[in-house]
Structure formats: structure tokens, C-alpha cells
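Colleague: Generate coordinates for the sequence data below:
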Amino acid sequence: MLELLSISWLEAVAALLGVVYIFAVSQEWPIAWPAAFVSTAIYTYVFWDSTLWYSAGLNFYYMAMAIYGYWQWTHGSKARVGNISNRSHYWHFIYIISGIVSVCILVLASGKVWFAWSTLDAFIMVFSVMTTVLVAHKHLSNWLYWIGINALAMVLYWQYALWFTVGLYMVYLGFSIFGWLQWRRRAQTFYTN
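Modeller: Residues are numbered from 1 along each chain as shown. Next comes the predicted model:
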């Protein structure tokens, strides 16, 4: 019981920092990335302890992306607020097909049963890895991908009784919509000035 309370406390701290991250990203504040780093470091442990291996690996990747995203937003090509870009429909088609193929390869290589929770975990991991790059490079469409990813993550983490994490992904879902609206407005302002 004591171990469960320890995990829940860590999960709550990680979730709170996750909320700080998503709000800061929606506002294009670079402080988002240090908050993401600490949140994902904690989540790496929480997911590992819950035997959600893909989610643990994903959060380890997020730690590296937090460093990369911070650099991009403070020193890289996306340091200016409003410098948000878009991609073509063809690019999105290739992006989605690449993600699905990657999930299939990952599930086949792991020997896991198809249509089990581990397949959903793999799907969330693959598309989260790909979409995090879109965030670091300020592609507007990242928010639309996050809407789907966050909804699926809520279902997965519900199955594992990670209640704070389910709550976090509910907040992420709301902020995905909010972020998309904010970034679309900023991009229109940036490119008309």
C-alpha cells in the first residue's frame, strides 16, 4: 500500500508539471520545456513501474526532446513567437502512413498480441514521438495529432488505473484544442505583419 501511495504522489507531481508544460507550450513560452523535462523524468519511472514499457520509453525520449525543444525555441529557427508553419495534405498522408507502418513493425518485433493494450501503447508512443518533433518545430498541425493521441491515451491509462494521468490527458485534450486555436491565430498575425 505504501508503494502505491508513493507512485500516486509522484504521478500527481508529474501530472501537475505536465499541465504547466502544455499551458506554456500553448503560449509559446520556452519555460514549457524544463517543466516537460522534470514531468517526463518522473513519468518514465511511473510507467516503468506500471509495466507500460512503451510509455516509459516514450517519456525517456521526451526528456531528450525537452532539451531539443528548449534550444529550438530559445536559439533555433523557431525562437520568434508566431513563427508557426504548416504542411501539405500529401505530407500528412505520408506522415500517417509512416506512423502506422512503424506501429506494425514495433508490434511484430515485440511479439505482442495484436489489438491488446500494448498495441495501443505502441500506437501512442510512435505518434507521440513523431508529433513531438512537430511541436519543437512549431508546426500548427501538431495540435490536431495531439487531440487524437490524448484521447487514446486516456483510454489506455484508464485501463491501468493511472487516474492522475487520465486527468492529465483530459487537460491535454482541452489544451490541444486551445493550443490549435492560439497557434492558428498567432500564425495568421505573424504572416500578415
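
Colleague: tell me which residues in the host helix or strand of Gly99 are buried?
Modeller: Gly99 belongs to helix 89-110 when assigned by DSSP states H and E. Neighbour-count burial for helix 89-110 flags Tyr95, Gly99, Ser102, Val103, Leu106, Val107 (criterion: 16 or more other CB atoms under 10 Å). Yep, even glycine has a C-beta here, placed from its N, CA and C like the rest.

Colleague: Distance to Tyr70 added to the residues you listed, as a markdown table?
Modeller: As requested, the buried residues of helix 89-110 are exported to a markdown table (distance: CB to CB, whole Å):
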| residue | distance to Tyr70 |
| --- | --- |
| Tyr95 | 24 |
| Gly99 | 25 |
| Ser102 | 26 |
| Val103 | 28 |
| Leu106 | 28 |
| Val107 | 32 |
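
Colleague: wait, Ala153 sits on Gly167?
Modeller: No. If you go by CB atoms under 8 Å, Ala153 and Gly167 don't touch, sitting 11.6 Å apart.

Colleague: So between the two, which is more surrounded?
Modeller: Ala153 (27 against 17; other CB atoms under 10 Å).

Colleague: which residue packs closest to the more buried one, ignoring adjacent ones?
Modeller: Using CB to CB, 6 or more residues apart in numbering and skipping the chain neighbours, the partner closest in space to Ala153 is Tyr169 (4.7 Å).

Colleague: what helices or strands is the helix or strand hosting that neighbour leaning on?
Modeller: When elements are defined using DSSP H and E, Tyr169 is found to belong to helix 163-192. For helix 163-192, the elements it packs on are helix 2-26, helix 142-159, judged by 3 or more CB pairs under 8 Å, 6 or more residues apart in numbering; DSSP states H and E.

Colleague: So Arg80, which state does it fall into?
Modeller: At Arg80, secondary structure determined by DSSP: H, G, I helix; E, B strand; the rest coil is coil.

Colleague: Can you pull up the most central residue in the chain?
Modeller: The central residue of the chain, meaning the one whose C-alpha is nearest the mean C-alpha position (CA atoms, centre = their mean), is Ser128 at 5.0 Å.

Colleague: quick one: average pLDDT of the helix or strand hosting it?
Modeller: Assigned by DSSP H and E, Ser128 belongs to helix 117-136. For helix 117-136, the mean per-residue pLDDT is 90.

Colleague: Export it to PDB, keeping only CA atoms.
Modeller: As requested, C-alpha coordinates have been extracted for helix 117-136 and formatted as PDB (Å, rounded to 0.1, in the frame of the first residue of the first chain):
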ATOM      1  CA  TRP A 117      -3.400  -2.700 -24.800                       C
ATOM      2  CA  SER A 118       0.300  -3.000 -25.700                       C
ATOM      3  CA  THR A 119      -0.700  -2.200 -29.300                       C
ATOM      4  CA  LEU A 120      -2.400   0.900 -28.300                       C
ATOM      5  CA  ASP A 121       0.600   1.800 -26.100                       C
ATOM      6  CA  ALA A 122       2.800   1.300 -29.200                       C
ATOM      7  CA  PHE A 123       0.500   3.500 -31.300                       C
ATOM      8  CA  ILE A 124       0.500   6.300 -28.800                       C
ATOM      9  CA  MET A 125       4.300   6.000 -28.400                       C
ATOM     10  CA  VAL A 126       5.000   6.100 -32.200                       C
ATOM     11  CA  PHE A 127       2.700   9.000 -33.000                       C
ATOM     12  CA  SER A 128       3.800  10.900 -29.800                       C
ATOM     13  CA  VAL A 129       7.500  10.600 -30.900                       C
ATOM     14  CA  MET A 130       6.600  11.900 -34.400                       C
ATOM     15  CA  THR A 131       4.300  14.700 -33.200                       C
ATOM     16  CA  THR A 132       6.800  16.000 -30.500                       C
ATOM     17  CA  VAL A 133       9.100  16.900 -33.400                       C
ATOM     18  CA  LEU A 134       6.300  18.900 -34.900                       C
ATOM     19  CA  VAL A 135       5.900  20.800 -31.600                       C
ATOM     20  CA  ALA A 136       9.600  21.600 -31.400                       C
END
